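Visitor: Output the structure for:
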Amino acid sequence: MLRLSSNLTLFLKLFLPVFWTTVMIGTALVIWFAPEHYFGGVPLQSLRWGILFVLLTGLATFWFVFWPLKRVETDGRAVYVSNYFRTARYDLAEDVAGFYEARWLFFKICTLELRGKGTFGRRMRFVASRKQFDNFRREFSGEVTFE
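Guide: Presented below is the predicted three-dimensional model:
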């Protein structure tokens, strides 16, 4: 089985959001409920609203950017897409319309597009493993379109 997605996917999808959210909620609770004399008598109203804004912005970022990431593997005949809770199988020749690549900072973000609607939708994003994805592109360039 050839894993197309990076090991970083698990970190970005599960570990980073859980750890960051836990720390930020703890910080927000301390700032909102601790008496001001613990902070040297400094007025905390701006800090309280600021930490709430940072917490909500981070949660929205995790929800819209990291949560849609999937783990993608192939055996040459089918593509297996997982969200770490469920796995869907799509036939490489019949179901997959193509793979689309984009670069963001030092990540290679790929989109797997299906011909019809699948378990996770029609388009699925994943952070590609550069080496594995390049091997896959060389071996299966005739069966699937790459852009």
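Visitor: any idea how the chain splits into domains?
Guide: 7-66, 71-146 (automatic domain parsing).
Visitor: Span of the last one from start to end?
Guide: Distance between the two ends of domain 71-146: 18 Å, counting by Cα to Cα, to the nearest Å.
Visitor: How far away from the center of its chain is it?
Guide: Centroid separation between domain 71-146 and its chain, computed with Cα atoms, centre = their mean, to the nearest Å, is 14 Å.
Visitor: do the same with stretch 55-63
Guide: Centre to centre, stretch against its chain (Cα atoms, centre = their mean), the figure for stretch 55-63 is 13 Å.
Visitor: then that stretch to PDB, C-alphas only?
Guide: Coordinates of each C-alpha in stretch 55-63 appear next as PDB, following Å, rounded to 0.1, in the frame of the first residue of the first chain:
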ATOM      1  CA  LEU A  55      -9.300  31.400  20.600                       C
ATOM      2  CA  LEU A  56     -12.300  31.800  18.300                       C
ATOM      3  CA  THR A  57     -10.000  32.600  15.300                       C
ATOM      4  CA  GLY A  58      -7.900  29.600  16.000                       C
ATOM      5  CA  LEU A  59     -10.900  27.300  16.300                       C
ATOM      6  CA  ALA A  60     -12.300  28.600  13.000                       C
ATOM      7  CA  THR A  61      -8.900  28.000  11.300                       C
ATOM      8  CA  PHE A  62      -8.700  24.500  12.600                       C
ATOM      9  CA  TRP A  63     -12.300  23.800  11.500                       C
END
